[in-house]
Each structure stands twice: as structure tokens, then as C-alpha cells.
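1. Coordinates for the following, if possible.
(one chain, ligands or ions: 1)
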Amino acid sequence: MATIFTKIANGEIPSYKVAENDEFYAFLDINPLTKGHTLVIPKHVEDDYIFHLDEETYMGLCAFARKVAQAVGKAIPCKRVGVAVLGMEVPHTHIHLVPLQTEGDLDFRKPKLELSQEEFVAIAASIRAAFEQN
Ligand code: AMP
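-> The predicted model follows:
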């Protein structure tokens, strides 16, 4: 059975899309640690552990995440874009990109932001625009 993230990449479940190519898809985390918190996934490989990916998919995912992180950094005021891989919840490899002001912003135990649909739409549009300018 397809994972929720495969359904998102296929457009069967809605998401706030940030970037996409044939192999990879990036969208906003719906429970963000900070504004602009983005997830990057391989579209066609569901393996739930990043270090089980074949090398080509792993390298491609990292290269795509790098471009997305550059766009996140341009669109969202922050000191750094932090990177994390957890996979404790969704069994489909994904990289978290989190705009940071302090190291505490990458603490997954803290309460998540509650954003309106309009805020999610505006954040996704600004990152998408930065991605498309690259
Ligand atoms: P983890 O598997 O521990 O890396 O956490 C999964 C992440 O996916 C969490 O930060 C969730 O908020 C996020 N998430 C789960 N379902 C969705 C969804 N439908 N759209 C966007 N983000 C999601």
C-alpha cells in the first residue's frame, strides 16, 4: 500500500508544494517547527530508512534537498537552514529542512506552530518562487 507521502507526491492527498522534479518532491510540513519547515522526499522509492536507499537515489535526494534549502534560505529570514532525518512517524524517507534562528529551533519535542491555510500558501509560494529563480 502506498505511503501517505507517495499519495502526496502523486497529488492524491493535498500538500503545500515547494518544489518538484521527476524524482523528488518538496512540501511544507503541516506541523512546522518554524515557518518554512519543509520535507523533501523521493517520489518513487518508499524505503523508510534513508541509509537503505540505493546510492543514486540517496545522492539525488541530497542534491535536490540542497537546492530546496537554498530556496528556503532565500525566502525565509533565518541564520541557517537546519537539516534533520528522523523517520519516527512516516515510513517513507524524508529530509526535514528547518529555518533556524537558534539551535533550539531544531528541537522536535517543542510545540509545533499553528499556521493558517493562508500562511501556509504564502510561505510555499515564496519558497517556490525562490526555487524557480535558481
Ligand atoms: P518523522 O517521520 O518523525 O520524520 O515525522 C514526520 C513528519 O511528517 C512530521 O513532522 C509531520 O508533521 C509531517 N507530516 C505528517 N503528515 C503530513 C502531511 N500530510 N503533510 C505534511 N507533513 C506531514
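2. for the residue nearest the centre of the chain, what are its contacts?
-> The chain has Leu39 as the residue nearest its centroid, 1.5 Å off, counting by C-alpha atoms, centre = their mean. Leu39 sits next to 5, 26-29, 94-97 when contact means C-beta atoms under 8 Å, 6 or more residues apart in numbering. Yep, even glycine has a C-beta here, placed from its N, CA and C like the rest.
3. What residues does this protein have near the ligand?
-> Residues of the chain found near the ligand (C-beta under 6 Å from any ligand atom) are 4, 15, 29-31, 39, 86-90.
4. Please enumerate the strands of this structure.
-> Assigned by DSSP state E, the chain shows strands spanning 17-20, 24-28, 38-42, 80-84, 95-100.
5. what about Asn10, how many neighbours?
-> 11 (other C-beta atoms under 10 Å).
6. Can you tell me the closest non-neighbouring residue to it?
-> Nearest non-adjacent residue to Asn10, counting by C-beta to C-beta, 6 or more residues apart in numbering: Ala2, 7.5 Å away.
7. so what pLDDT did the one you found get?
-> Ala2 carries a pLDDT value of 91.
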